[in-house]
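> after the sequence you'll find the predicted model.
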Amino acid sequence: MYFPNLSQADATQFRSLEENSLGYNNLLYIASILAELILEAEEDRGEETYLRLLLIEEPEAHLHPQLQLRLLRHLKTVAEARGIQVIITTHSTVISAAVSVDHIIHISSDDKPVAVPLRNTGLPDQSRRFVDRWLDATKSNLLFSKGAILVEGIAEAIVVPELARIVLRPYGKGRDCLDDYGLSVINLGGIYFKHFMQLFCDVNGEQPGADVPVRCAGLTDNDPPKSLKSIDDGKGGTKAIPFLPHADEHPVGNNPALSLQGPINQSQFGRLFAGMYKTFEYDIAMEGDNLRTMLTVAAGLWPVPDGLVVKGLEKNAKLHFAAMTSAERADYAGALLDRLDSDEIGKGFYAQSFADALEVLETDFVVPEYIRLAILWACGLEERPA
């Protein structure tokens, strides 16, 4: 290993340690220890070193995320080239996302410390590669929370925390949000539950292994077979929209994730909850008088504020939906879903305003049972409040 001779260097090129940031000085310290390990191996001392171990506690402290990645890549390169084992403890999603789950040991300590190597959870190779790429792309805190609620998309990720406040409020004690229970809502960006929930339970009975001992609840849609009906398009014509023709029958949907409920729901740390009717927004709209709030939010987002669409939404928002049958509410819920799916609004944009409305809502709002149960189970609150 070559170290440059700096004795003749111009002193103005350098600065004292106290001028550096804490993070940069941490890097210099790690580099000096690593260099010492390398020199020890290269020096002829008449004996061979069989094990060299470098332990680093939270190297991310005071360090920019990009420097965290550069440090990790350097440690990996040197460790593999020089036969050094490096063990890092970290709370950094940047660092944990930069390595394969095969190299991560999850440590939890609710009752007593439990260490679970994620390579032992039974992840199939395809799932492992998918989870690796997903963590790298999202820098998710999936592995750092005391519990997780996995959802299909950004709309659910935005709205579920506000629905949780409504669910948790009766339990009091100043703990009315998911953060109070150490829970995170994780957006999977699709119905990828079989890949992620294998970390917490045996999803299909084919890849048994160790389980990460924290509660993980999944929320998925029913997605029943679609039928079509015509509605007024607000421009003097009609358009065909998908809808649920017999809302009271609750048909089993086409969502392939539904087949995972059996094995997941029999496990200790995993649960998969499915909607009763159709999709996330539709199921919320089918409860009580929820449509009054939801239609009001949609009216405020429609790009033509003085047009027929807004007038129709505002008119319908005054109806008493709680007095209607499920089949009657289904017409309005389906029409609203069509508006949200349109280019004029979009589900993600709607979710932001909807969450804002829920945050200040003073009237009763009914959280669908599958969402309520998922929140309570993930928080360890299966029983209703006294």
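That came through, no problem.
> from memory residue 151 sits against residue 188, does it?
Yes. If you go by Cβ atoms under 8 Å, residue 151 and residue 188 touch, sitting 6.8 Å apart. The way it works is simple: take the backbone N, C-alpha and C, and place the C-beta from them, glycine included.
> now do the SS call for residue 271.
Reduced to three states with DSSP: H, G, I helix; E, B strand; the rest coil, the structure at residue 271 is strand.
> which residue, other than its chain neighbours, is closest to it?
Spatially, and ignoring its direct neighbours in sequence, residue 271 is nearest to residue 217 (4.8 Å; Cβ to Cβ, 6 or more residues apart in numbering).
> so how far is residue 268 from the one you found?
Counting by Cβ to Cβ, to the nearest Å, the separation of residue 217 from residue 268 is 13 Å.
> out of the two, which sits in the more crowded spot?
A side-by-side neighbour count of residue 217 and residue 268, using other Cβ atoms under 10 Å, places residue 217 first with 27 against 10.
> can you confirm the more buried one is in a helix?
No. Using three-state DSSP, the secondary structure at residue 217 is strand, not a helix.
> let me see the contact set for it.
Listed by Cβ atoms under 8 Å, 6 or more residues apart in numbering, the contact set of residue 217 reads 147, 148, 149, 150, 270, 271, 272, 273, 374, 375, 377, 378.
> for it, list each beta-bridge partner.
Beta-bridge partners for residue 217, by DSSP bridges, are residue 149, residue 271.
> where's it relative to residue 148, distance?
From residue 217 to residue 148 the distance is 7 Å (Cβ to Cβ).
> overlap of the contact sets of the two?
Joint contacts of residue 217 and residue 148 (Cβ under 8 Å, 6+ apart) are residue 378.
> count of residues packed around the closest residue to residue 277 other than its chain neighbours?
The shortest distance from residue 277 to any non-neighbouring residue, by Cβ to Cβ, 6+ apart, is to residue 283 (5.0 Å). As a burial measure, residue 283 scores 22 neighbours (other Cβ under 10 Å).
> let me see the domain layout of the protein.
If you go by automatic domain parsing, the domain ranges for the chain are 21-99, 114-379.
> to residue 105, which of the ones you listed lies closest?
domain 114-379 (5.0 Å; Cβ to Cβ).
> as a whole number, average confidence for the closest one?
For domain 114-379, mean pLDDT is 89.
> again with stretch 84-95
93.
> pretty sure residue 295 contacts residue 311?
No. At 11.7 Å, residue 295 does not count as touching residue 311 under the criterion of Cβ under 8 Å.
> ok so, going back, out of the domains of the chain, deepest packed?
Using mean count of other Cβ atoms under 10 Å, the stretch among those with the greatest mean number of neighbours is domain 114-379 (a mean of 18).
> ends of that domain, what's the gap?
Distance across domain 114-379, first residue to last, is 19 Å (Cα to Cα, to the nearest Å).
> please begin residue numbering at 41 from this point
Understood, numbering begins at 41; the last thing we discussed is domain 154-419.
> just to revisit the earlier point, quick one: the residue nearest to residue 311 from residue 408, how far?
From residue 257 across to residue 408, the span is 14 Å (Cβ to Cβ).
> cool, and residue 296?
Separation of residue 296 from residue 408 (Cβ to Cβ): 21 Å.
> who touches the top helix by length along the chain?
Longest helix in the chain, counting residues (DSSP state H): helix 62-82. Residues outside helix 62-82 that contact it (Cβ under 8 Å, 6+ apart) are 41, 43, 57, 60, 89, 92, 94, 96, 99, 101-104, 107, 111, 115, 118, 122-124.
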